[in-house]
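Provided below are the primary sequence and the corresponding predicted coordinates.
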Amino acid sequence: MAFHRAAKGTLLIGGGALATVFSLSQLAELKKRKAQLTCVEAAAPLRECYQTEVPSREAQLLTLQTTKEFDVLVVGGGATGCGCALDAVTRGLKTALIERDDFSSGTSSRSTKLIHGGVRYLQTAIMKLDLEQYRLVKEALHERANLLEIAPHLSAPLPIMLPVYKWWQLPYYWVGIKVYDLVAGSQCLKTSYILSKSKSLELFPMLKKDKLVGAIVYYDGQHNDARMNLAIALTAARYGAATANYIEAVRLLKKIDPETRQERVCGARCRDVITGQEFDVKAKCVINATGPFTDSLRKMDDQEIQNICQPSAGVHIVMPGYYSPDNMGLLDPATSDGRVIFFLPWAKMTIAGTTDTPTDVTPHPSPREEDINFILTEVRNYLSHDVEVRRGDVLAAWSGIRPLVTDPSSKDTQSISRNHVVEVSKTGLITIAGGKWTTYRSMAADTIDAAVNIFGFKAGPSRTVGLLLEGAKDWTPTLHIRLVQDYGLESEVAQHLALTYGDKAFEVAKMARVTGKRWPVVGKRLVSEFPYIEAEVKYALKEYACTAIDVIARRTRLAFLNVQAADEALPKVVDIMGKELNWSEQKKREELKAAKEFLYHEMGYKTRSEQLTDRSEISLSPAEVDRYKKRFHKFDKEKKGFITTVDVQRVLETISVQLDEKTLHEILNEVDLNKNGQIELNEFLQLMSAIQKGSVSGSRLAILMKTAEENMDQREPISVDRSGGGV
């Protein structure tokens, strides 16, 4: 009864506010639709994609080097840069794009994976009567609907639960979420609703029960950010844009305008990062879409110019899928320090984040242990006491740098709007800065609009609303069934391919190797617990992948889901790429080393290794120490004080378990802190202590030794599959 009374009170309190916002929203919607109709009537028909095959990187480089002059040169291959290239080329402009790393290698692959309007920005708009924030939310909700339409294979609506633990918060949050629905108007994904305590726990059983009043569920979008970015780049390439990754702008080219006698930017001196070759790319208009590196390119144009970007680091962590329901996210609207934390299912795992702290700009940001622990602490505050949130369950962690637009004197990044700014320098360099993933298309449209106006290009309005991205044209929700039936792929693999490549999944399936098994017929996995297959490595080369990092981080998302699994897959990835690209043995070693360093520093492996070191404290009781010593000595029969692969193999043979030497070395190496090829008693005790504290989980050696001890007499087989171990 109390819940129903609160719900009725909520309706009364929120009615007036909703009516006001509804009127404003409808007025804005009417004006926007009239403007869109005007644009559509004036626009010329959009030409069809004429590239049946995506041009190779070599062909794109040749175009860059031999084209006398482009209309537009975009520097930066993130979401906004690729969006600018797609917008320009579909307006009929001769377009080029260069990226010094890989497409989506920076911030665009390190997001929360949400396509959203921004609930907290709407709160600011209402509480502070901030019209700019309202417009930002309105624009983002329009773009959210467009993204879900143009790439349905890479995106989908996601229900997000906002748990309520105080009665007065129910009407407060309900009004806010209903306003969010109303601002979306006809593009509202699904109507938000209120849940009772029992229903909330039914849908999100991991939720903390104490003092729970109920919950509100609303809808936003979720996507595969790196693949979405790549789809935009590939679509631009199909329409004729000369797009190339691993091409760095060394300096800007300038010339004197004969009419105004003013210096103007007219292109860029470029360097192929892979070969070192340099060449000039000339263009009437140069667009700076370099995200966090915005000011670096601006200073190439003018050393004295003032910074407009203040970078902010956002850390995310990935945990096992059992931490959240398969299709329900969670929003913590007010963390201990005022930030917002999302807790979302993604790719059968659980993603949690984010932080928001000032940072220096670096091409290789690393997650900090204090940020990881902050997120874990906030997660613990919302999950049931029955769920032990362990540091060892962090499977991957990363930091992304947001390019926030700010006054250089401002220090508080949390109060800065994610709105974007289009700036034109005295020399004609156009810079697009700020904004957010969701609004990349409208940011690109505004940028190209500025270019058309300033440079007098004969081009109509933007044509990218409703323009299907790579893989979307013939995709259907049941496409994976055809993959299973036509090619003999595992159902899980087929679903993954359909949701990753869309209608291009058939091209990947054609490359899949025969397994030699009754089922699946084709499709050898890179690692056993993830649906990525070897054929994807070959197909990645058609998608401009040049390094092993490109494959494990952005063509597949293995590095973002589980760094140990990515590390395990690396030798196979490098071997396949080596055969396809004719790499020497030295090149293979270099690729393997670079990829391992990427996993170590940027994907959280470093923080994992710091959880268990030769300096780790042993926090065990005397009884526990005695128990673990006995377990250790069952393997160390000679009382040497250490165990080797020979000792482990001997014990396993007595209970009829066989493991190859390579697997044994891998298992021991996970715990061998001083890397001397053996596990000392002290190392084993440090491991067991770390497991008890929750800082380490999924240790194969610990599981193997415990199971062996329990089954010495029973002679039962032992499972030694990697259990997903954390970082």
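Yes, it's here. Numbers count the residues shown, from 1 in each chain.

what's the local residue count around residue 259?
A total of 6 residues lie near residue 259 under the criterion other CB atoms under 10 Å. Quick note: C-beta positions are derived from backbone N, CA and C, even for glycine.

is it true that residue 202 lies in a strand?
No. Counting by DSSP: H, G, I helix; E, B strand; the rest coil, residue 202 is not part of a strand but helix.

mind listing what residue 559 touches?
396, 549, 552-553, 566, 598-599, 603 (CB atoms under 8 Å, 6 or more residues apart in numbering).

cool, residue 206 as well?
323-325, 383-384, 387.

same thing but 6 Å
The contact partners of residue 206, by CB atoms under 6 Å, 6 or more residues apart in numbering, come to 383-384, 387.

let's have those residues in JSON lines, adding pLDDT.
Listed next are those as JSON lines, based on pLDDT from 0 to 100:
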{"residue": "383", "pLDDT": "93"}
{"residue": "384", "pLDDT": "93"}
{"residue": "387", "pLDDT": "91"}
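
as JSON lines, those residues with secondary structure and distance to residue 632 would be great.
Output for the contacts of residue 206, formatted as JSON lines (DSSP: H, G, I helix; E, B strand; the rest coil; distance: CB to CB, whole Å):
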{"residue": "383", "secondary structure": "strand", "distance to residue 632": "34"}
{"residue": "384", "secondary structure": "coil", "distance to residue 632": "35"}
{"residue": "387", "secondary structure": "coil", "distance to residue 632": "31"}
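
now a PyMOL select for only the buried ones of these.
Buried members of these can be picked out in PyMOL with the line below, counting by 16 or more other CB atoms under 10 Å:
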select buried, resi 383+387
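
quick one: residue 108 is in a strand?
No. Residue 108: not assigned to a strand; according to three-state DSSP it is helix.

still on that earlier bit, filter the contacts of residue 559 down to the ones in helices?
549, 566, 598-599 (DSSP state H).

coming back round to it: quick one: which of the contacts of residue 559 is nearest residue 460?
residue 553 (37.3 Å; CB to CB).

leaving out the residues flanking it, which one is nearest to the closest one?
Distance criterion CB to CB, 6 or more residues apart in numbering; nearest residue to residue 553, sequence neighbours excluded, is residue 559 at 4.3 Å.

now do residue 449
Per CB to CB, 6+ apart, closest to residue 449 is residue 462, 7.2 Å.

and the residue lying farthest from the centre of the chain, what pLDDT?
Here the centre of the chain is the reference, and by CA atoms, centre = their mean the most remote residue is residue 638, at 49.9 Å. pLDDT for residue 638: 82.

coming back round to it: tell me how many other residues surround the residue nearest to residue 449.
Neighbour tally, residue 462, other CB under 10 Å: 24.

so which strand or helix has it?
According to DSSP states H and E, residue 462 maps onto no helix or strand at all.

from residue 572, how far off is the residue nearest to residue 534 when sequence neighbours are not counted?
Nearest residue to residue 534 in three dimensions, chain neighbours excluded: residue 524, at 4.9 Å (CB to CB, 6+ apart). Taking CB to CB, to the nearest Å as the measure, residue 524 falls 9 Å from residue 572.

my guess is residue 480 meets residue 494, correct?
Yes. Residue 480 is within contact range of residue 494, at 4.1 Å (criterion: CB atoms under 6 Å).

okay, the two: which has more neighbours?
Set residue 480 next to residue 494 and count neighbours by other CB under 10 Å: residue 494 wins out with 25 against 20.

what distance do you get for residue 479 to residue 348?
19 Å.

these two: who's more crowded?
The residue with more neighbours, out of residue 479 and residue 348, is residue 479; 21 against 14, by other CB under 10 Å.

in three-state terms, label residue 351 for me.
Strictly by three-state DSSP, residue 351 counts as strand.

okay but it is in contact with residue 319, surely?
No. With contact defined as CB under 6 Å, residue 351 and residue 319 do not form a contacting pair (7.9 Å).

phi, psi for residue 522 please.
With angles defined as degrees, to the nearest 10, residue 522 sits at phi -130, psi 160.

how many other residues sit next to it?
Residue 522, neighbours per other CB under 10 Å, totals 19.

show me what it is bridged to.
Taking DSSP bridges as the rule, residue 522 bridges to residue 514.

pLDDT score assigned to the residue nearest to residue 534?
Looking at residue 524, the pLDDT reads 97.

report the separation between it and residue 396.
Where residue 396 is concerned, residue 524 sits at a distance of 23 Å (CB to CB).

please say which of the two ends up with more neighbours.
Counted by other CB under 10 Å, residue 524 and residue 396 do not tie: residue 396 has more neighbours, with 29 against 16.

re the thing from before, find residues that contact each of residue 480 and residue 494.
Common neighbours of residue 480 and residue 494 (CB under 6 Å, 6+ apart) do not exist.

shaky segments in the stretch 601-727 of the chain?
Across the stretch 601-727 of the chain, the ranges flagged by pLDDT under 70 are 608-610, 612-615, 712-727.

so who does residue 525 touch?
Residue 525 makes contacts with residue 533, as judged by CB under 6 Å, 6+ apart.

and it, what are its phi and psi?
phi -70, psi 150.

which phi and psi does the nearest residue to residue 251 once chain neighbours are set aside have?
What sits nearest to residue 251 in space, not counting adjacent residues and going by CB to CB, 6+ apart, is residue 269, at 4.8 Å. With angles defined as degrees, to the nearest 10, residue 269 sits at phi -80, psi 120.

could you give the bridge partners of residue 269?
residue 251, residue 280.

compute the number of surrounding residues for it.
Counted by other CB under 10 Å, the residues lying close to residue 269 total 14.

quick check, pLDDT for it.
98.

quick one on the thing from earlier: surely the residue nearest to residue 449 and residue 444 touch.
No. Between residue 462 and residue 444 there is no contact under CB under 6 Å: 7.7 Å.

quick one: common contacting residues for these two?
residue 87.

for residue 518, grab phi and psi.
phi -60, psi -40.

if I look at residue 126, how far off is residue 191?
Separation of residue 126 from residue 191 (CB to CB) stands at 19 Å.

the two: which is more packed in?
Taking other CB under 10 Å, residue 126 and residue 191 do not tie; residue 126 has more neighbours (18 against 11).

show the model's pLDDT score for the more buried one.
On pLDDT, residue 126 comes in at 77.

three-state assignment of the closest residue to it other than its chain neighbours?
What sits nearest to residue 126 in space, not counting adjacent residues and going by CB to CB, 6+ apart, is residue 179, at 6.7 Å. Following three-state DSSP, the label given to residue 179 is helix.

what's the neighbour count on residue 179?
24.

for the one 5 residues further on, same thing?
Other residues within reach of residue 184 by the criterion other CB under 10 Å amount to 22.

again with residue 181
By other CB under 10 Å, 20 other residues sit near residue 181.
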